[in-house]
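>>> Generate coordinates for the sequence data below:
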Amino acid sequence: MEGRSIWKISLALSVILVFVVAQPSVSALIIGATSFGDTEITSNSCDADAWGAVPASLDVGLGDTVWFFFNTTLVDSRQVYSEAATHNYTWILSTRQSVGDVYWYYQTTTRGGVSGWRDMQPYGLYITSLPDYVHLYWHARITSSGCSDFDYKNYGFNLY
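Below you'll find the predicted structure:
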């Protein structure tokens, strides 16, 4: 019985592999950018950092989808019930082919003793015309009555 199950699983995987390889519309994962926004507040300082990896250009074809990722983290290591601190993150993408910007915004308030993360739903940019230009902007901001910090990144790259 075990031998037949393994044979069936092997056959199923082979059929799936042949199907996927034979599909002309299946393409490789194309990553346009991975971007991050981090904020931290301690009892005596605030820190915001925006960072990531953005290509200088991408070689893509019509009908490809280019994926963009934005991840955030926050740390509030102060004592619980401290004064409010606001963590703010913004991500904006625009292209020549898009009508309006793709926009992601997240803001939360902490009062000490917390850390966490939040990811933007990955955004897939479907390529309908070439060449194109992508503009990315993102920032991280932390504010409280005792301190504040802000950092941003602003990139552009070509799609050929």
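
>>> just so I have it, where are all the helices in the chain?
Along the chain, the segments classed as helices by DSSP state H run 2-22.

>>> what ranges of it fall below the confidence cut-off?
Filtered on pLDDT under 70, the chain yields the residue ranges 1-27, 99.

>>> do that again at 80, thanks
1-27, 97-100 (pLDDT under 80).

>>> Name the nearest residue to K153, ignoring sequence neighbours.
Ranked by Cβ to Cβ, 6 or more residues apart in numbering and with sequence neighbours excluded, the top spatial neighbour of K153 is A50, at 4.7 Å. C-beta: built from backbone N, CA, C; applies to glycine.

>>> What number of residues are in the vicinity of that neighbour?
Close neighbours of A50, defined as other Cβ atoms under 10 Å, add up to 23.

>>> For it, give its distance to L29.
Between A50 and L29 the computed distance is 24 Å (Cβ to Cβ, to the nearest Å).

>>> now do E83
For E83 relative to L29 (Cβ to Cβ), the value is 44 Å.

>>> of the two, who's got more company?
The neighbour comparison of E83 against L29 (other Cβ under 10 Å) goes to E83, with 11 against 7.

>>> re earlier: tell me which residues touch the residue nearest to K153, please.
Shown in contact with A50 (Cβ atoms under 8 Å, 6 or more residues apart in numbering): S35, F36, G37, D38, W138, H139, A140, D151, Y152, K153.

>>> Equivalent analysis for T143, please.
With contact taken as Cβ under 8 Å, 6+ apart, T143 is in contact with C46, A85, T86, N88.

>>> Over to W91?
Per Cβ under 8 Å, 6+ apart, neighbours of W91: S35, G37, F70, Y103, W104, Y105, M120, L136, Y137, W138.

>>> And these, which is closest to G61?
Distance to G61 across the contacts of W91 (Cβ to Cβ) is lowest for L136, with 20.9 Å.

>>> I figured that closest one hits A53, correct?
No - using Cβ atoms under 8 Å, L136 is not in contact with A53; the gap is 11.1 Å.

>>> what about these two, which has more around it?
A count of neighbours by other Cβ under 10 Å puts L136 above the other of L136 and A53, at 22 against 12.

>>> State the distance from that one to I30.
Distance check for L136 against I30: by Cβ to Cβ, it reads 15 Å.

>>> again with S98
Distance, S98 to I30, by Cβ to Cβ: 17 Å.
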